[in-house]
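Asker: Generate coordinates for the sequence data below:
(one chain, ligands or ions: 2)
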Amino acid sequence: MTAPPRVLTVAGSDSGGGAGIQADLKTMLALGTHGMSVITAVTAQNSLGVQGFWELPVEAVRAQYRSVVDDIGVQAVKTGMLASAELVETVAELLAGTDAPAVVDPVGVSKHGDSLLAASALDSVRTKLLPVATVATPNLDEVAQLTGIEVDSEDGLRRAAAAVLAYGPKWVLIKGGHLRGDAVDLLTDGSEEHVLRAPRHDNRHTHGTGCTLASAIASQLAKGQGVPEAVMAAKEYVTGAIAEGFALGGGIGPVDHGWRFREA
Ligand SMILES: Nc1ncnc2c1ncn2[C@@H]1O[C@H](COP(=O)(O)OP(=O)(O)OP(=O)(O)O)[C@@H](O)[C@H]1O
Ligand SMILES: Cc1ncc(CO)c(N)n1
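Answerer: Ligands and ions are numbered 1, 2, ... in the order given. Take a look at the predicted model:
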């Protein structure tokens, strides 16, 4: 049997299983890739919010990364919660030395408004992490944190994309999931532009949408697709997962990573 394409997530653990490392690995399985993980932080988290988190030492992050890359190898990497400036800089340096596309989800704040990144790390995200990204996937809160630009309508997505691109990622996908109306995202590399539009599902169980989308993009890149094709396929996957999101716990439930298996 031939091995499936290999994808690595560098992110935080979500004990509730809807976002972070757990969302990433489920997405990778659903899209036919072999998922591997470098855990940067452990969160105590559920449908109600983030009750606490603990970062791993830089040496533990570096060692996990080397274990995976030096033996198994990766065809794409995805990054999520990196918690501190020290971890952001370490991961940026590791990505710079890896010959594989990197999808950078610059996770700042959870759906419940809990901070997952120290304010002191923002400058490292701008100057160290974004420059090594093949695709950066900020949501509108992250755009505001990183660029100061507040987007409240579809028209603002283009200005936000230009401001993030100025930090050096090859492509940027601005996620308009927090707007009203259709779920519209804008993908651009500064010369090509793609508007990805999906119907908004009136479903409050959307925990993990951003992690799922970024991991789906990384999976498609590992399978050999170009960036626009990978993002379009990933958008289709996350839209289906949101449509089937389900109640768990007393708050915001997860998207359904297994929706395609259940349909079959
Ligand atoms: N209710 C919805 N219906 C359909 N698509 C949605 C909905 N909410 C978000 N999306 C889409 O989900 C993807 C993720 O976007 P979103 O802005 O929710 O990410 P995020 O805020 O980073 O998520 P996370 O909760 O993981 O931090 C985007 O493609 C967005 O357009
Ligand atoms: C660990 C983790 N990463 C990312 C997110 C995205 O909001 C989350 N809630 N938890």
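Asker: Packing partners of the helix or strand of the chain with the lowest mean pLDDT?
Answerer: Here the helix or strand of the chain ranked lowest by mean pLDDT, DSSP states H and E is helix 259-263, holding a mean of 86. Contacts defined by 3 or more CB pairs under 8 Å, 6 or more residues apart in numbering; DSSP states H and E place helix 259-263 against helix 227-243. To be clear about C-beta, it is placed using only N, CA and C from the backbone, and glycine gets the same treatment.
Asker: now the strands: where do they sit in the chain?
Answerer: 6-14, 34-46, 49-55, 76-79, 102-104, 135-136, 171-175, 183-188, 193-198 (DSSP state E).
Asker: Please render the ones you listed as a markdown table that adds distance to Ala121 and mean neighbour count to the earlier fields.
Answerer: Below are these laid out as a markdown table (distance: least, CB to CB, whole Å; neighbours: other CB atoms under 10 Å):
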| stretch | distance to Ala121 | mean neighbour count |
| --- | --- | --- |
| strand 6-14 | 13 | 27 |
| strand 34-46 | 12 | 21 |
| strand 49-55 | 11 | 16 |
| strand 76-79 | 13 | 30 |
| strand 102-104 | 13 | 29 |
| strand 135-136 | 15 | 28 |
| strand 171-175 | 19 | 26 |
| strand 183-188 | 24 | 21 |
| strand 193-198 | 28 | 16 |
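Asker: ok, which residues in the chain are in contact with ligand 2?
Answerer: 11-12, 14, 19-20, 43, 45, 80-81, 107, 110-111, 116, 210-211 (CB under 6 Å from any ligand atom).
Asker: which of the residues you listed lies closest to ligand 1?
Answerer: Nearest to ligand 1 among those is Gly210, at 2.3 Å by CB to the nearest ligand atom.
Asker: Could you check how many residues crowd around that closest one?
Answerer: 24 (other CB atoms under 10 Å).
Asker: could you measure whichever residue of the stretch 101-250 of the chain sits closest to ligand 2 against Ala85, distance?
Answerer: Relative to ligand 2, the nearest point of the stretch 101-250 of the chain is Ser110 (3.8 Å; CB to the nearest ligand atom). Distance from Ser110 to Ala85, counting by CB to CB, to the nearest Å: 19 Å.
Asker: How about Gly258?
Answerer: From Gly258 to Ala85 the distance is 36 Å (CB to CB).
Asker: neighbour count winner among those two?
Answerer: Ala85 (18 against 13).
Asker: Contacts for stretch 120-128, please.
Answerer: Applying CB atoms under 8 Å, 6 or more residues apart in numbering, the external contacts of stretch 120-128 come out as 82-85, 87-89, 92-93, 106, 117, 145-146, 167.
Asker: Only the buried residues of that stretch, if you could.
Answerer: Within stretch 120-128, the residues scored as buried using 16 or more other CB atoms under 10 Å are Ala121, Leu122, Ser124, Val125, Arg126, Lys128.
Asker: Could you tell me which of these belong to helices?
Answerer: Leu122, Ser124 (DSSP state H).
Asker: Adding pLDDT, write the buried residues of stretch 120-128 out as TSV.
Answerer: TSV is the format used below for the buried residues of stretch 120-128 (pLDDT from 0 to 100):
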residue	pLDDT
Ala121	98
Leu122	98
Ser124	98
Val125	98
Arg126	98
Lys128	98
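Asker: ok, now how distant is the closest residue to Pro4 other than its chain neighbours from ligand 1?
Answerer: Nearest non-adjacent residue to Pro4, counting by CB to CB, 6 or more residues apart in numbering: His34, 4.7 Å away. Distance, His34 to ligand 1, by CB to the nearest ligand atom, to the nearest Å: 23 Å.
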